[in-house]
Each structure stands twice: as C-alpha cells, then as structure tokens.
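>>> Mind looking at a prediction? Sequence and model below.
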Amino acid sequence: MAGLYVHVPFCAQACSYCDFHFTTKLGDRDRMVDALVAEAEATLPEWREQRFHTLYFGGGTPSLLGAAAIGRIAESAFTHAEWNLREWTVEANPEDLDPDTLSHLRDIGVTRLSIGIQSFDPEVLQWMRRIHTADKAVQAVNDAAAAGFEHISVDLMYGLPVGAEERWAEDVQRACDLPVDHLSCYILTAEPRTLYGRQLEAGNIATPPDELVLRQYDVLCGLASEAGFEHYEVSNFARPGGHSRHNSAYWDGTPYLGIGPGAHSHKGQDRWWNSRSNAAFLKHASTADFRGQRSSEKLSGRDRFNEALITGLRRIQGVDPNALETQTGWTIEPNGALDKLLEDGRCEWVDGRLRIPEKHWPMGDAITLELMR
Ligand code: SF4
C-alpha cells in the first residue's frame with residue numbers, strides 16, 4: 001500500500017504567512033504539467049511492487065491548473081503504477097471553483113476536495129492577502145456539495161495577530177454549518193521568509209499571547225465536537241467516514257512517493273526529496289533525469305523511532321510501544337521524564353498505547369521532545 005503526492009508549485013498571490021514552495025509566475029504552468037507527467041512516467045515503474053491507494057494534489061494551488069491538466073497528470077500516474085484507488089484529493093482555493101470546474105473534477109474521478117478558506121472575516125482575509133471573499137468560500141463549498149462531492153475538507157487558521165478574538169468561534173461555527181466532513185485547523189506560526197515574519201521582525205505587529213491561542217483551541221475542540229467531528233489528529237477533525245486516508249497513511253509510516261518540485265518521498269529507511277527550484281526541476285525534466293535534482297538520506301532506527309513518536313503522539317490513537325520496537329528497534333524508556341508526564345497528566349496509557357490527552361495537544365511538540373531518543 002502506498003500514496004502518491006503531486007506538488008503543484010503555483011499560486012495566484014502569495015499569502016502573508018505562507019512559506020510553502022510556490023511561485024506566482026504562472027507562465028510555466030504548461031511546462032510544469034509536462035514535467036509532472038514525465039516524472040510520473042519515469043518514477044512510478046520503480047514502485048511496481050506497491051499498490052497505490054491514495055492520490056493527493058497539493059501545493060501551491062493545484063486548482064490553478066484546471067481539471068484537464070490535473071486529469072492528464074493523474075492518467076499518467078494511473079497508467080504507470082498498480083492502483084486500488086480509495087481516495088483522490090485535490091487542494092483548491094475558492095476562487096477557482098465554479099460549477100463547471102467542479103463538475104469536470106468529478107468527471108475525471110476526484111473524490112475529495114480540500115478547500116483553503118482560512119477565515120470568513122473580511123479583515124482577516126485581507127491581512128492574509130487571500131483573493132476570495134467569505135461569500136465566495138461558502139459558495140464554493142455549497143457548489144462542490146451540489147456537484148456531488150461527499151468528501152469536502154476546509155482549512156481554517158487561528159492564533160493570528162489580527163482580528164477580534166470572537167471571530168474564531170464564528171469562523172469555526174460557520175465552517176461546521178457547511179456540508180463538509182473534515183476540518184483542518186492550524187495554529188499560525190511565523191516563518192521568517194514571509195510577509196508576516198518580516199512584519200514581526202520590523203516590530204510592526206505582535207504574535208498573539210499563548211493564552212489567547214489556547215482559548216481558541218478550546219473553542220475549536222468544543223464547537224467541532226458539538227457538530228459531530230472527531231478530533232483525530234492535533235489539527236484535523238472528521239465527521240464519520242471523513243478521515244483523510246492519504247494523510248493518515250503519512251502518519252502510519254506507509255510509503256509515499258512525491259512528484260513535483262520540493263516533493264518528499266519515503267520508503268522504508270529511505271527518504272528523498274526533489275529540488276525546491278522550479279527551474280532546476282524543469283531543467284532536469286527536459287532530459288527525464290529526475291535523480292539528478294534529488295537529495296536523499298538514510299533513516300536510522302533512532303530517526304524512525306523519533307519520527308514515529310512525533311507523528312503518533314499527534315494522533316488520538318497515540319503510539320504502540322511494541323510496534324515501535326518491532327519497526328525501529330527502539331523502545332519508549334520507562335524513565336523519570338515519562339513518569340513525570342504520566343503523573344501530571346500530559347501523557348496517558350490507553351489500551352496499551354501511549355498518547356497525549358486532547359487538552360495537551362497544543363503543547364505536544366514539547367512533550368514529545370521529552371520522550372525522544
Ligand atoms: S496558503 Fe495556499 S494559496 Fe496561499 S500562498 Fe500558501 S499555498 Fe498559496
């Protein structure tokens with residue numbers, strides 16, 4: 001079982017907080033589609049022993065390519081690997097989703113949309129430098145449901161330096177009232193290479209206090225639960241049947257292949273990633289030499305143990321120490337750090353698995369650090 005990720009490195013405009021790999025120069029889109037098709041053709045045959053279950057177009061803004069180009073890349077992937085397709089997600093921004101495009105995406109076989117909404121508050125959307133309005137976001141979700149999409153996820157953000165505190169409860173409630181079965185809600189982190197990072201550095205803006213972020217987290221957990229969502233990962237909530245299979249496979253350690261600039265791949269002890277430079281990627285694609293622009297590393301048992309802890313403790317099911325030992329050769333040490341975490345309730349054992357209780361997930365990275373080897 002494996003997953004395929006396709007990175008589409010284009011956005012119509014740079015959001016103020018985003019440091020994902022993308023360019024706003026859209027002129028190379030056709031060449032990039034050709035290159036992605038070529039990488040699928042060149043790389044997937046090396047994965048013949050795997051059966052792919054999930055396909056995920058992320059970015060960037062994949063919806064900027066249009067359904068025909070997305071379908072062309074997928075067709076190449078379907079042709080060059082074994083598939084038992086259970087889920088095909090496309091990330092999309094509201095401004096790209098009109099009824100014709102949605103219908104076309106359904107026709108080519110897309111089963112799930114992940115729509116970047118972030119907020120319904122005009123002041124917040126403006127600070128984020130989002131292109132769409134709140135009304136357009138609502139319309140896009142409703143149009144997607146009308147087009148027959150049963151699996152729709154929306155992204156929201158909190159812990160922002162702008163907007164009234166109560167806007168967060170309104171945003172979450174508005175998202176819960178939409179015909180969606182998944183929410184991804186992220187705490188904003190300031191990245192140095194972004195407009196937000198530069199505003200902070202210049203002293204023009206301040207990060208919100210931790211207490212406010214924690215209050216917003218509590219509001220989110222409460223409203224999502226009331227609306228029938230299970231909080232299954234620190235940033236992710238699903239109604240029954242709405243869990244993201246592709247992302248769950250990442251967290252399970254299932255092998256995945258990433259194609260496109262900056263995309264990461266992982267199989268067994270090996271991890272490799274493509275150059276983040278579109279120019280370098282396109283240059284190598286012109287000779288179908290995709291290995292020439294990759295970097296790689298071999299993961300030790302200890303690396304895999306630490307990674308499994310990082311991803312496992314972000315999830316509701318936590319980690320199974322026996323499985324960890326079998327997979328990595330390393331165990332969770334019964335020691336002072338673990339005793340202390342158990343004693344003060346920041347970790348707990350449930351059915352033989354170690355997990356972080358929901359109320360402590362926002363501090364999960366610091367907790368995990370205490371258990372890493
Ligand atoms: S948040 Fe999404 S749309 Fe905005 S710049 Fe990042 S990838 Fe592009």
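Right, received. Where do you want to start? Source: prediction; values computed, not measured. Numbers count the residues shown, from 1 in each chain.
>>> So for the chain, the centremost residue is which one?
residue 247 (6.9 Å; Cα atoms, centre = their mean).
>>> I'd like the next helix or strand past the helix or strand where residue 86 lies.
Using DSSP states H and E, residue 86 maps to strand 82-92. Next helix or strand after strand 82-92 toward the C-terminus (DSSP H and E): helix 99-108.
>>> From the chain's centroid, how far away is that following helix?
Relative to the centre of its chain, helix 99-108 is centred 23 Å away, using Cα atoms, centre = their mean, to the nearest Å.
>>> That helix to strand 82-92, inter-axis angle?
Angular relation of helix 99-108 and strand 82-92 on a 0 to 180 degree scale: 170 degrees, by axes from the mean of the first three to the mean of the last three Cα atoms, to 10 degrees.
>>> as a whole number, average confidence for helix 99-108?
Per-region confidence: helix 99-108 scores 98 on mean pLDDT.
>>> what does the next helix-or-strand element following it contact?
Of the helices and strands lying after helix 99-108 in sequence (DSSP H and E), the nearest is strand 112-118. For strand 112-118, contacts defined as Cβ atoms under 8 Å, 6 or more residues apart in numbering pick out 15, 58, 61, 87-94, 97, 105, 124-125, 128, 130, 132, 137, 140-141, 144, 149, 151-157, 175, 182, 184, 244. Every C-beta, even on glycine, is put in place using the N, C-alpha and C of the backbone.
>>> mind checking the backbone torsions on residue 147?
phi -80, psi -10 (degrees, to the nearest 10).
>>> brain fart, residue 98
The phi and psi torsions at residue 98 (degrees, to the nearest 10) take the values phi -100, psi 170.
>>> picking up where we left off before, and the pLDDT at the residue nearest to the centre of the chain?
Predicted confidence (pLDDT) at residue 247: the value is 91.
>>> three-state assignment of it?
helix (DSSP: H, G, I helix; E, B strand; the rest coil).
>>> Nearest residue to it in space, please, no chain neighbours.
Take residue 247 and drop its neighbours on the chain: the residue closest to it by Cβ to Cβ, 6 or more residues apart in numbering is residue 236, 7.1 Å away.
>>> what pairs with the residue of the stretch 101-250 of the chain found nearest the ligand across the strands?
The minimum distance from the stretch 101-250 of the chain to the ligand, using Cβ to the nearest ligand atom, falls at residue 116 (5.3 Å). When bridges are called by DSSP bridges, residue 116 pairs up with residue 155.
>>> how far is the strand holding residue 86 from where the chain is centred?
Worked out by Cα atoms, centre = their mean, strand 82-92 lies 14 Å from the chain centre.
>>> And stretch 270-290, by the same measure?
Computed by Cα atoms, centre = their mean, the separation of stretch 270-290 from the middle of its chain amounts to 22 Å.
>>> What's the first helix or strand after the one helix or strand in the chain whose mean pLDDT sits lowest?
When the helices and strands of the chain are scored by mean pLDDT, DSSP states H and E, helix 245-252 comes last with a mean of 86. Under the assignment DSSP H and E, the closest C-terminal helix or strand after helix 245-252 is strand 256-259.
>>> dump the residue contacts of residue 104.
Residue 104 neighbours (Cβ under 8 Å, 6+ apart): 66, 67, 68.
>>> go on, residue 77?
Taking Cβ under 8 Å, 6+ apart as the test, what residue 77 contacts is 4, 6, 40, 44, 52, 55, 83.
>>> ok, these vs the ligand, which is closest?
residue 6 (14.1 Å).
>>> Now that closest one. Nearest residue, chain neighbours left out?
Distances taken as Cβ to Cβ, 6+ apart put residue 57 closest to residue 6, at 4.9 Å, once the chain neighbours are dropped.
>>> my read: the one you found touches residue 70, true?
Yes. Checked against Cβ atoms under 8 Å, the pair residue 57 and residue 70 is within contact range at 6.0 Å.
>>> shared neighbours, those two?
Joint contacts of residue 57 and residue 70 (Cβ under 8 Å, 6+ apart) are residue 90.
>>> picking up where we left off before, where does the residue of the stretch 101-250 of the chain closest to the ligand land on pLDDT?
pLDDT, residue 116: 98.
>>> likewise the one 5 residues further on?
The model reports residue 121 with a pLDDT of 97.
>>> So the closest residue to it other than its chain neighbours versus residue 274, what's the distance?
Leaving aside its chain neighbours, residue 121 sits nearest to residue 167 (4.6 Å; criterion: Cβ to Cβ, 6+ apart). Noted for residue 167: a distance of 38 Å to residue 274, by Cβ to Cβ, to the nearest Å.
>>> more crowded one of those two?
Neighbours were counted for residue 167 and for residue 274 using other Cβ atoms under 10 Å; residue 274 has more, 23 against 18.
>>> What distance do you get for residue 334 to residue 349?
11 Å.
>>> wait, residue 3
Computed as Cβ to Cβ, the residue 3 to residue 349 distance reads 30 Å.
>>> Quick one: residues contacting the residue nearest to residue 6.
6, 8, 70, 73, 89, 90, 91.
>>> who wins for neighbours among the contacts of residue 104?
Counting neighbours by other Cβ under 10 Å, the top entry in these is residue 67, with 20 neighbours.
>>> which residue sits closest to that residue in space, ignoring its chain neighbours?
That would be residue 104: by Cβ to Cβ, 6+ apart, it lies 3.6 Å from residue 67.
>>> What is the burial count for residue 218?
Residue 218: 12 neighbours (other Cβ under 10 Å).
>>> Just confirm it is within a helix.
Yes. Assessed with three-state DSSP, residue 218 lies in a helix.
>>> Can you get me a residue count around the closest residue in space to it that isn't next to it in sequence?
In this structure, residue 218 finds its nearest non-sequential neighbour in residue 359, 7.8 Å apart by Cβ to Cβ, 6+ apart. Residues within reach of residue 359, counting by other Cβ under 10 Å, total 13.
>>> Wasn't residue 359 part of a strand?
No. Going by three-state DSSP, the assignment for residue 359 is helix, not a strand.
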